[in-house]
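*Asks:* Below: sequence and its predicted model.
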Amino acid sequence: MTDTAERSQSTDAVDEVRAWLEENWDPDLTVAEWWERLGLSGWAAPGLPTNAYGKGLNRNDSVAVQNAIAEFGALGAPGGLGLLLAAPTIATHGTQEQIDTMVRDIVTGQKAWCQLFSEPGAGSDLAGLQCRAVKDGEEWIVTGQKVWTSGGQVADMGMLIARTDPDVPKHQGITYFGIDMHQAGKVDIRPLVEMTGHAMFNEVFLEEAVVPDANLIGGLNNGWAVANTTLMNERAGLGSGGGHAAASSATPGTVAKDLERRAGDFVSSAGPRRRSGGGGGPAGLAGGYKLLVELAKGNGKIEDPSIRQDLMKLHTLNELGRFSNWRAKAGKAIGHEVPGLPNISKLSMSEIVRQQRDVGLRILGPLGTLHAYKPEDQETLNEATGNPFTAMVTGMALFAQAPPIYGGTDQVQRNIIGERVLGLPKEANNDKTAAFRDLPKNA
Ligand SMILES: Cc1cc2nc3c(=O)[nH]c(=O)nc-3n(C[C@H](O)[C@H](O)[C@H](O)COP(=O)(O)OP(=O)(O)OC[C@H]3O[C@@H](n4cnc5c(N)ncnc54)[C@H](O)[C@@H]3O)c2cc1C
């Protein structure tokens, strides 16, 4: 498809959603009522297929729609891992009945999801997971430990992968389930506080937790293929130049208690209200650069030639990310996927956040040693230092260690590029032939 044809398709979708918003946006609805309207209309997740509460739009059009909703000043779609990961996975591998229950609850914000993949001994080597699920009548009984579970403390449901057959090679004995997180005494969620001061992720202990057989997604022992759909969607949302779809500022699900609040209270006339910053999440790649330029102008560091050079390096990395994104788009349009490009984009994002961290701290100077962990303290810190960006820059610097790890570490991305793009030999092992039971275990 040509660029002009693609642009006009985006414009059509944007015009259509604007017209729909004129008719339907009402700030006096509760968040639950608004998300019900938005989700069932297909505009909450327009990238999903039409049988799964979407409109079958491509990624660029979907992002254009999310931006149009934000620009209109309406509350955006329920954010989080449900919409980003669980919904496209269930839409691809689930039955229509699973789509009609689980995906419906996601697009309408009724339920929040988390991703129960990593374990203490299974991160990069995810297929080495040891959490077990054993069939008991019409139920599965799950026992094991998960870790780094982002948003677990506000989740209603979890994307769970568990071992269902230890007697076959490790990739073949895994099954994918949707698990109810509200099981007192059986699902224990313990928040882990990061060095940013936030407790974004958790460790989750599963002790004979119950999953109905109806929640098995994509077939028994086919969980590796299903999990790869989740991971593919995760990576697509991560790389540099990718840009996240505008996330909602209200939290989906029953735990956060935003559903009964007034939808209009989450937006302002200038667009959706953002939660107070300081976490320095990945949303700010291009925004991070602009913020640092403002910061350097504000405190005179912009005159320092080495700071200017570092800022230019950051700008260049951002631009390269943007161009790589265009390249991927152009390749896709002619049916040619550029091998390894998603992995290169992910690596490039790691480089950008490290550069942001380093130049940000250089611009702040000694103030960079101060960090406030709570939003109210962040305001005090900004006031005390006379600099409105102090807490944001230190938050960004502390968070910079995370992107090179999540969604597959930098080293793992390099392995993939080496083996699948450059054709280097794989490390010798018997993973594909030996039964999981007979393999050496990490923990
Ligand atoms: C902010 C954040 C959020 C996360 N959210 C979630 C979540 O919601 N759900 C979830 O399931 N997980 C989540 N994770 C976990 C994440 O996917 C894992 O941390 C990641 O896959 C790495 O696994 P690990 O921590 O076990 O490290 P390990 O796999 O133990 O790796 C340790 C080190 O060894 C290196 N290494 C490992 N294997 C190789 C190899 N073959 N070759 C070369 N080097 C290697 C790694 O690169 C790393 O440097 C999150 C992580 C972070 C940081």
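*Replies:* On my side now, so go ahead. Residues are numbered from 1 along each chain as shown.
*Asks:* Now for the closest residue to P425 other than its chain neighbours, how many residues are close by?
*Replies:* Residue nearest to P425 in three dimensions, not counting chain neighbours: E419, with 7.7 Å by C-beta to C-beta, 6 or more residues apart in numbering. In this view, the C-beta of every residue, glycine as well, is placed from N, C-alpha and C. Neighbour count of E419, defined by other C-beta atoms under 10 Å: 13.
*Asks:* Quick check: E419 touching Q413?
*Replies:* No - with contact defined as C-beta atoms under 8 Å, E419 does not count as touching Q413 (11.2 Å).
*Asks:* Name the SS class of G144, please.
*Replies:* strand (DSSP: H, G, I helix; E, B strand; the rest coil).
*Asks:* Neighbours of it, how many?
*Replies:* Residues near G144, counting by other C-beta under 10 Å, number 21.
*Asks:* contacting residues for the nearest residue to it once chain neighbours are set aside?
*Replies:* Residue nearest to G144 in three dimensions, not counting chain neighbours: C131, with 2.6 Å by C-beta to C-beta, 6+ apart. If a contact means C-beta atoms under 8 Å, 6 or more residues apart in numbering, then C131 has 116, 119, 142-146, 160-163, 206 as its contacts.
*Asks:* Could you do P404 as well?
*Replies:* P404 is in contact with 350, 353-354, 410, counting by C-beta under 8 Å, 6+ apart.
*Asks:* Could you do N215 as well?
*Replies:* 98, 177-179.
*Asks:* ok, back up a step: tell me the most packed of the contacts of P404, by neighbour count.
*Replies:* Ranking the contacts of P404 using other C-beta under 10 Å puts V353 first, with 24 neighbours.
*Asks:* Can the helix or strand containing that residue be said to contact the ligand?
*Replies:* In this structure, V353 is located in helix 341-364 according to DSSP states H and E. No - judged by C-beta under 6 Å from any ligand atom, helix 341-364 stays clear of the ligand, getting no closer than 11.1 Å.
*Asks:* and that helix, how far from the chain's centre?
*Replies:* 18 Å (C-alpha atoms, centre = their mean, to the nearest Å).
*Asks:* After that helix, which helix or strand is next?
*Replies:* helix 375-385.
*Asks:* quick one: average confidence on the next helix or strand after that next one?
*Replies:* Using DSSP H and E, the helix or strand that follows helix 375-385 in sequence is helix 390-399. Average pLDDT, helix 390-399: 90.
*Asks:* and if you look at stretch 436-443?
*Replies:* Stretch 436-443 carries an average pLDDT of 83.
*Asks:* now the angle between helix 375-385 and the helix holding V353, please.
*Replies:* On the basis of axes from the mean of the first three to the mean of the last three C-alpha atoms, to 10 degrees, helix 341-364 is oriented at 50 degrees to helix 375-385.
*Asks:* From the ligand, how far out is the residue nearest to P425?
*Replies:* 10 Å (C-beta to the nearest ligand atom, to the nearest Å).
*Asks:* before we move on, what about I174?
*Replies:* Using C-beta to the nearest ligand atom, I174 is found at 13 Å from the ligand.
*Asks:* count of residues packed around that residue?
*Replies:* 26.
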